[in-house]
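Peer 1: can't give you the sequence, but here's the structure:
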């Protein structure tokens with residue numbers, strides 16, 4: 001604006017009693033950057049790398065969207081409870097919300113009003129690149145409630161497997177008599193654990209902590225065709241299932257058949273051997289760090305953890321350990337590819353800046369410069385890219401203490417993901433093996449109406465939390481008797497009514513698709 005024009009405007013404003021400072025504070029000045037907070041999962045890092053990254057990221061966000069970003073962490077201690085409480089608290093300081101339909105209660109939180117409905121027009125205006133990519137893939141239907149409205153953006157353009165299993169030491173397995181150090185059956189871990197117990201007295205065969213059911217799930221998945229219905233939780237447990245041989249009948253391996261009994265017998269055998277520490281249920285240490293330290297013969301999590309963390313760390317911290325992965329269902333191919341809503345991003349219904357929140361998400365998901373900063377940190381400090389285009393970490397880098405910790409599992413994109421020097425060298429072969437036998441999860445669009453059965457699910461959670469950890473750790477002298485007692489208690493609190501309600505949802509879903 002020319003000086004002469006300013007004088008004229010100023011004179012006119014004085015006639016109206018409006019001062020020039022009001023003009024310069026409003027029309028002539030850019031608004032202060034909008035502060036956007038993203039809720040994510042994980043323990044907030046304390047090494048300073050997150051803060052250093054945000055100092056680089058936020059000037060770019062200000063430049064591109066006049067916004068700044070901060071992260072709010074739901075930490076792993078009691079995360080299920082804390083997550084749901086936070087989402088329904090009415091807290092308007094959170095804008096973007098990490099979610100998922102299979103493990104982070106996306107459907108039920110959407111139904112309860114925690115997420116803002118996202119119209120196509122709102123997405124096109126504020127997250128145009130995300131809108132276009134998901135629309136082209138035909139995946140927006142995976143994010144809609146029966147009201148037809150979109151409630152989150154799916155992480156639908158990222159290749160991953162989060163099927164669980166054992167990490168173990170190939171060097172020890174070879175010494176235990178397994179050819180090439182390869183264990184191919186779940187119950188063969190008994191032999192491996194016995195060897196570790198006898199030959200590595202400083203180590204637990206499998207150091208494991210807290211309420212868990214990995215031993216039970218691992219056995220059942222590889223010995224039956226039970227399939228877990230995702231997104232129907234009773235506390236920490238997913239108590240409803242189908243069978244591949246009868247895919248539209250709702251059942252439960254907690255309630256039906258002998259598989260749980262057989263699994264519990266294996267767990268009792270392992271407890272009697274001394275596979276885990278006596279107080280495993282109350283142990284609050286870090287089993288993975290003990291695995292890295294050579295003080296545990298096994299750990300358990302999923303494929304992503306194995307290819308991204310375990311192989312690199314074990315090769316550095318336990319040279320020659322030949323880390324290997326046995327995934328649940330390996331024996332019979334009973335495992336699934338990840339669904340496209342295993343990770344997703346919602347906008348809080350309480351956000352004061354939903355449009356700006358979407359703009360920030362669209363940039364982090366689709367702007368390569370911001371994507372690399374947010375996921376991998378500062379180039380030249382947290383990583384370098386070598387001549388072959390491979391991302392390398394600095395000398396002495398340790399993921400346990402030096403990682404960025406943004407835990408961005410809600411919008412990763414294959415096209416921006418670099419090859420990592422820290423990934424398993426045979427990652428592609430591992431993925432190809434899984435691709436060859438993994439099943440597509442058949443119920444991605446099945447939504448369970450939990451409003452009528454929430455009290456029953458809560459009561460079932462109480463029963464399951466009483467019995468399942470004890471069964472997992474082999475603490476019942478007579479597992480079959482304990483399971484019979486548990487089943488009766490589950491019936492007493494309304495299992496059959498809940499199953500019938502879910503079956504009605506399944507029947508309606510099946511009929512609507514002419515299956």
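Peer 2: Structure received. Because the structure is predicted, anything quoted here is derived from the model rather than measured. Numbers count the residues shown, from 1 in each chain.
Peer 1: Tally up the residues packed near the residue lying closest to residue 181 once chain neighbours are set aside, please.
Peer 2: For residue 181, ignoring the flanking residues on the chain, the nearest one in space by CB to CB, 6 or more residues apart in numbering is residue 170 at 3.2 Å. Yep, even glycine has a C-beta here, placed from its N, CA and C like the rest. Residue 170: 19 surrounding residues under other CB atoms under 10 Å.
Peer 1: and what of residue 414?
Peer 2: As a burial measure, residue 414 scores 9 neighbours (other CB under 10 Å).
Peer 1: Could I get the full set of strands for the stretch 351-500 of the chain?
Peer 2: 384-385, 390-392, 419-420 (DSSP state E, counting those that start in this stretch).
Peer 1: Make JSON lines out of those strands and add mean pLDDT and mean neighbour count.
Peer 2: Converted to JSON lines, the strands of the stretch 351-500 of the chain look like this (pLDDT from 0 to 100; neighbours: other CB atoms under 10 Å):
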{"stretch": "strand 384-385", "mean pLDDT": "96", "mean neighbour count": "14"}
{"stretch": "strand 390-392", "mean pLDDT": "95", "mean neighbour count": "16"}
{"stretch": "strand 419-420", "mean pLDDT": "92", "mean neighbour count": "15"}
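Peer 1: so which of the ones you listed comes closest to residue 462?
Peer 2: For the strands of the stretch 351-500 of the chain, distance to residue 462 was read as CB to CB. The smallest value, 42.9 Å, belongs to strand 419-420.
Peer 1: mind checking which helix or strand residue 505 is in?
Peer 2: Using DSSP states H and E, residue 505 falls within helix 495-512.
Peer 1: what's that helix packed up against?
Peer 2: strand 246-251, helix 454-472 (3 or more CB pairs under 8 Å, 6 or more residues apart in numbering; DSSP states H and E).
Peer 1: Out of those, flag the one nearest residue 54.
Peer 2: helix 454-472 (37.3 Å).
Peer 1: Which strands and helices lie in contact with the closest one?
Peer 2: Against helix 454-472 (3+ CB pairs under 8 Å, 6+ apart) you get helix 214-223, helix 259-273, helix 479-492, helix 495-512.
Peer 1: deepest of these, which one?
Peer 2: helix 214-223 (a mean of 23; mean count of other CB atoms under 10 Å).
Peer 1: I'd assumed residue 352 was in contact with residue 116.
Peer 2: No: using CB atoms under 8 Å, residue 116 is not in contact with residue 352; the gap is 11.2 Å.
Peer 1: so what's residue 140 up against?
Peer 2: By CB atoms under 8 Å, 6 or more residues apart in numbering, the contact list for residue 140 reads 134, 150.
Peer 1: What's the per-residue pLDDT of it here?
Peer 2: Model confidence at residue 140, expressed as pLDDT, equals 97.
Peer 1: ok, now which ones touch residue 304?
Peer 2: 160, 161, 162.
Peer 1: That one should be in a helix, yeah?
Peer 2: Yes: counting by DSSP: H, G, I helix; E, B strand; the rest coil, residue 304 is part of a helix.
Peer 1: Tell me the spacing between it and residue 477.
Peer 2: Distance of residue 304 to residue 477, given as CB to CB, to the nearest Å: 38 Å.
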